[in-house]
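Asks: Need coordinates for the below:
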Amino acid sequence: MLRVVNYFAVAILILVNGTSCVYMQARNNDSQGNQTVSKSEETPERKDKNMKTIFNVKETVEKTFPVSSRTTVKIYNFNGEITVRTENAPVVKMRATKFALDRDAADGVAYDFSQQNDTISVTADFTKPQRKVPYGNSYFYMKGAYVNWELVLPTETDLVLETEDGKIDVQGVNGEIKLSLKDGSITVKDCRGRLAAATYDGKVSVSGYQGNAEIANRSDDNVLVEGTFQNLAIETGGGDVFLGLPKSGGGTIEADTRNISVKNFTLKQLGENGEGWQKYSFGAGDSNIKIQPNKGKISIYSY
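Replies: Next up, the predicted model:
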C-alpha cells in the first residue's frame with residue numbers, strides 16, 4: 001500500500017517470516033527534484049529472503065512438562081510460527097527458537113512458562129520499542145525479533161494458540177483447538193474434535209478433519225476444507241471456499257451467494273433460510289454447513 005503525504009512516501013510491507021508488521025519509508029527525486037515513490041524491482045519473495053538474513057542472533061530454549069491426564073496447552077506468541085505434532089508419550093515438549101537482529105533485540109524477548117493442574121500456559125512477549133532498521137535505500141520499523149515454537153504432545157490435548165504474524169500448523173490432535181493470528185496461514189491436518197480458527201490475512205487449509213469447525217479468514221485468501229463435519233461454518237473476506245466431503249457425505253448448506261459449483265453431488269435448492277441466504281441440500285449425509293464467502297465462490301466436491 002502506497003500513500004504520498006507532503007511528498008513523503010510511506011509504504012506498509014507485511015512480511016510473513018516471523019517478523020512483525022514492518023514500515024518502510026523511501027524517498028526518490030523526479031526530474032523536477034520533487035520527492036516521489038517508486039516501486040521496488042525486487043519481488044516479494046526476494047525481499048522476504050533478504051530480510052531473513054539480517055537476523056543474526058539465534059537462541060533455543062527447551063522445556064518438558066510431564067502430564068498425567070488430558071491437558072490444555074495455551075501459547076501466546078508476539079511473533080513467529082507455531083508447529084504442533086503428536087506422539088504417544090505422557091509429556092508435552094516445547095522448543096522455542098528465538099531469532100533477533102542483535103543482542104539488544106534478543107534481550108527484548110521475555111518468556112513465561114507455567115503449569116497449573118491440567119493447564120500449561122506459555123507467553124512470549126517483546127518488551128522493547130520498535131526500532132528503525134536500514135534496508136537498501138529504505139528503512140523499516142520493526143520489533144527486531146521473533147520466536148518459532150515446535151510442540152510435541154499427546155494426541156488427546158486441548159489447544160489455545162495465538163501468534164501475531166507467522167503461521168500455525170497443527171497435525172494429529174484430538175480435542176478443542178482454538179487458533180488465532182493476525183497475519184499468516186493456518187494448516188490443520190488429521191485432527192478431530194472442535195476447531196475454531198481465525199486469521200486476518202493468509203490462507204487456511206484443513207484436511208482429514210472430523211467434528212465441528214468454525215473457520216474465519218478475514219482476507220480475500222482462499223479457504224480449503226476437507227473432512228467429515230457435524231457442524232461447519234466458514235467465512236471469508238472475499239476469498240473462495242473449496243469444500244471436500246466423503247462420497248457418503250452431504251447435508252444442508254446455507255450460503256450468502258448463489259455462486260456454488262458442485263462435483264459428484266446433486267444440489268437441491270430449498271429456498272431461503274429466513275436471513276436472505278440460499279439454502280440447499282446435497283448428498284446423503286447430515287452435516288449442517290453455513291458458508292459466507294462475501295463475493296467469493298463456493299466449490300463443493302467429493303473425495
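
Asks: Was I right to think Tyr209 contacts Gln230?
Replies: No. With contacts counted by CB atoms under 8 Å, Tyr209 stays clear of Gln230, the gap being 11.0 Å. Where C-beta positions appear, they are placed from N, C-alpha and C, glycine not excepted.

Asks: What ranges does the stretch 101-250 of the chain have for its strands?
Replies: All strands of the stretch 101-250 of the chain, identified by DSSP state E, counting those that start in this stretch, fall at 109-116, 119-126, 131-135, 138-142, 145-153, 157-171, 174-189, 192-199, 204-217, 223-236, 241-245, 250-255.

Asks: I'd like these as CSV, with mean pLDDT appended.
Replies: Shown next, in CSV, are the strands of the stretch 101-250 of the chain (pLDDT from 0 to 100):
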stretch, mean pLDDT
strand 109-116, 98
strand 119-126, 98
strand 131-135, 83
strand 138-142, 85
strand 145-153, 98
strand 157-171, 97
strand 174-189, 97
strand 192-199, 98
strand 204-217, 98
strand 223-236, 98
strand 241-245, 98
strand 250-255, 97
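
Asks: thinking again about what came up before, more neighbours, Tyr209 and Gln230?
Replies: For the pair Tyr209 and Gln230, the greater number of neighbours falls to Tyr209 (21 against 14), based on other CB atoms under 10 Å.

Asks: so what's that one up against?
Replies: Val188, Asp190, Cys191, Arg192, Leu195, Val225, Glu226, Gly227, Thr228, Phe229 (CB atoms under 8 Å, 6 or more residues apart in numbering).

Asks: again with Val160
Replies: Counted by CB under 8 Å, 6+ apart, Val160 has contacts Thr72, Val73, Lys74, Ile75, Lys178.

Asks: Now flag whichever of those is closest to Tyr301.
Replies: Closest to Tyr301 out of those is Lys178 (27.9 Å), distances taken as CB to CB.

Asks: That closest one against Val170, yeah?
Replies: No. Assessed by CB under 8 Å, Lys178 is found out of contact with Val170, at 10.6 Å.

Asks: any common contacting residues for these two?
Replies: Leu159, Leu161.

Asks: out of the two, which sits in the more crowded spot?
Replies: Between Lys178 and Val170, counted using other CB under 10 Å, the more crowded position is Val170 (24 against 17).

Asks: in the sheet, who's paired with that one?
Replies: Beta-bridge partners recorded for Val170 (DSSP bridges): Val84, Val188.

Asks: Show the pLDDT at the closest residue to Arg70 other than its chain neighbours.
Replies: Distances taken as CB to CB, 6 or more residues apart in numbering place Glu156 nearest to Arg70, at 5.5 Å, with adjacent residues excluded. On pLDDT, Glu156 comes in at 98.
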